[in-house]
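Asker: Provided below for reference: sequence and predicted model.
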Amino acid sequence: MIFEYSLWLEGTWKYNDKEHQIDPLGLVPNPENKEELIPLYTILGMTKEEAIMVSSPFRLGQLRKERNKLIADTDWWMLADRTATDAQIQYRQQLRDITNDFDCENEIIFPSKP
């Protein structure tokens, strides 16, 4: 499963004294050509580096939230009256490790549930 970030952020950020709630790395319609999508930061006049600095904490939070949900869905595998398989243990570890090499520009692919 490929993880996709939400365009709308849980929280706001400021640029040029204006508050925004849309991910600056998110794609929005180009004002000059509505059929084309471009990153919001280009419309705001931000550099890509500035957009990454703003976006990273929000994107990491979204990733952790989804990761935690997937781990919670498998908590029953670890109950005392069950024996988790090696594949189940490995899946849960891969989920825990998914944020280790976080880079908000790279595509995130969650491991397949056994």
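Answerer: Right, received. Where do you want to start? Numbering: from 1, shown residues only.

Asker: What is the neighbour count of the residue lying closest to Thr74 once chain neighbours are set aside?
Answerer: Spatial nearest neighbour of Thr74, chain neighbours left out: Arg92 (5.9 Å); criterion: C-beta to C-beta, 6 or more residues apart in numbering. Any C-beta I mention is one placed from the backbone N, CA and C, and that applies to glycine too. Residues within reach of Arg92, counting by other C-beta atoms under 10 Å, total 20.

Asker: Counting by contacts, list what the helix or strand Arg92 falls within packs against.
Answerer: Element membership for Arg92, per DSSP states H and E: helix 86-97. Helix 86-97 makes packing contacts with helix 48-72 when contacts are defined by 3 or more C-beta pairs under 8 Å, 6 or more residues apart in numbering; DSSP states H and E.

Asker: what's next to the helix it packs on, contact-wise?
Answerer: The list of residues contacting helix 48-72 from outside it, by C-beta atoms under 8 Å, 6 or more residues apart in numbering, reads 3, 5-6, 9-11, 13, 15, 23-25, 39-41, 46, 92, 95-96, 98-99, 102, 104-105, 108, 110, 113.

Asker: out of the residues you listed, which are buried?
Answerer: Restricting the contacts of helix 48-72 to buried positions leaves 5, 9, 13, 15, 23-25, 39-41, 46, 92, 95, 98, 104, 108, 110, with burial counted as 16 or more other C-beta atoms under 10 Å.

Asker: Among those residues, which ones are in helices?
Answerer: Applying DSSP state H to the buried ones among the contacts of helix 48-72, the entries found in helices are 40-41, 92, 95.

Asker: most remote residue from this structure's center?
Answerer: Using C-alpha atoms, centre = their mean, the residue of the chain lying farthest from its centre is Asp81. It sits 34.4 Å away.

Asker: Tell me the secondary structure at it.
Answerer: Here Asp81 is recorded as coil under DSSP: H, G, I helix; E, B strand; the rest coil.

Asker: and if you look at the one 3 residues further on?
Answerer: Taking three-state DSSP as the rule, one finds Ala84 in the coil state.

Asker: how near is it to Ile109?
Answerer: Counting by C-beta to C-beta, to the nearest Å, the gap from Ala84 to Ile109 is 23 Å.
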